[in-house]
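In: how does the following fold in three dimensions:
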Amino acid sequence: AANDAEFFAPIVEGDRLNVVEEVVSVSPEKTTQLGAGHFVETFDSYRRDDGALVATNRNTLFRFTPAESS
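Out: Numbering: from 1, shown residues only. Now for the predicted structure:
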């Protein structure tokens, strides 16, 4: 549904990155034409081995069970 990335430092070939992904929120169940499900927002922090924060990513997905076709 949405994705927002920020980069704070260059990432170059050979960098080893670590990521921590946090679940920020889960919506109450919603029903759309796709099916019933939840909007899930996550926040990822990317760091080099030296601990420097190089990027973040906020992502919102709609996780759903597909509606039956008529």
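In: for the worst-scoring helix or strand of the chain on mean pLDDT, packing partners?
Out: Confidence across the helices and strands of the chain bottoms out at strand 30-31, with a mean of 92, counting by mean pLDDT, DSSP states H and E. Counting by 3 or more CB pairs under 8 Å, 6 or more residues apart in numbering; DSSP states H and E, the packing neighbours recorded for strand 30-31 are strand 35-48. For the C-beta atoms, the positions are set from N, CA and C on the backbone; glycine is no exception.
In: elements contacting the strand it packs on?
Out: Against strand 35-48 (3+ CB pairs under 8 Å, 6+ apart) you get strand 17-26, strand 30-31, strand 53-66.
In: check which residues of it are buried.
Out: Across strand 35-48, burial judged by 16 or more other CB atoms under 10 Å covers Gly37, Phe39, Val40, Glu41, Tyr46.
In: what pairs with the most centrally placed residue in the chain across the strands?
Out: For the chain, Asn59 is the residue whose C-alpha lies nearest the centre (CA atoms, centre = their mean; 3.2 Å). For Asn59, the beta-bridge partners are Asn3, Thr42 (DSSP bridges).
In: tell me how far it lies from Ala1.
Out: Distance, Asn59 to Ala1, using CB to CB, to the nearest Å: 9 Å.
In: can you say which of the helices and strands packed on strand 35-48 is packed in most?
Out: Comparing the helices and strands packed on strand 35-48 by mean neighbour count (mean count of other CB atoms under 10 Å), strand 53-66 comes out on top with a mean of 14.
In: list the contacts of it.
Out: Contact partners of strand 53-66, identified using CB atoms under 8 Å, 6 or more residues apart in numbering, comprise 1-11, 15, 17, 24, 30, 32, 34-48.
In: ok, stretch 21-36 next?
Out: Stretch 21-36 has contacts (CB under 8 Å, 6+ apart) with 37-45, 58, 62, 64-67.
In: picking up where we left off before, now the buried residues of strand 35-48 as TSV including distance to Ala52?
Out: Formatted as TSV, the buried residues of strand 35-48 follow (distance: CB to CB, whole Å):
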residue	distance to Ala52
Gly37	36
Phe39	31
Val40	28
Glu41	25
Tyr46	10
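In: thanks a lot, see you next time.
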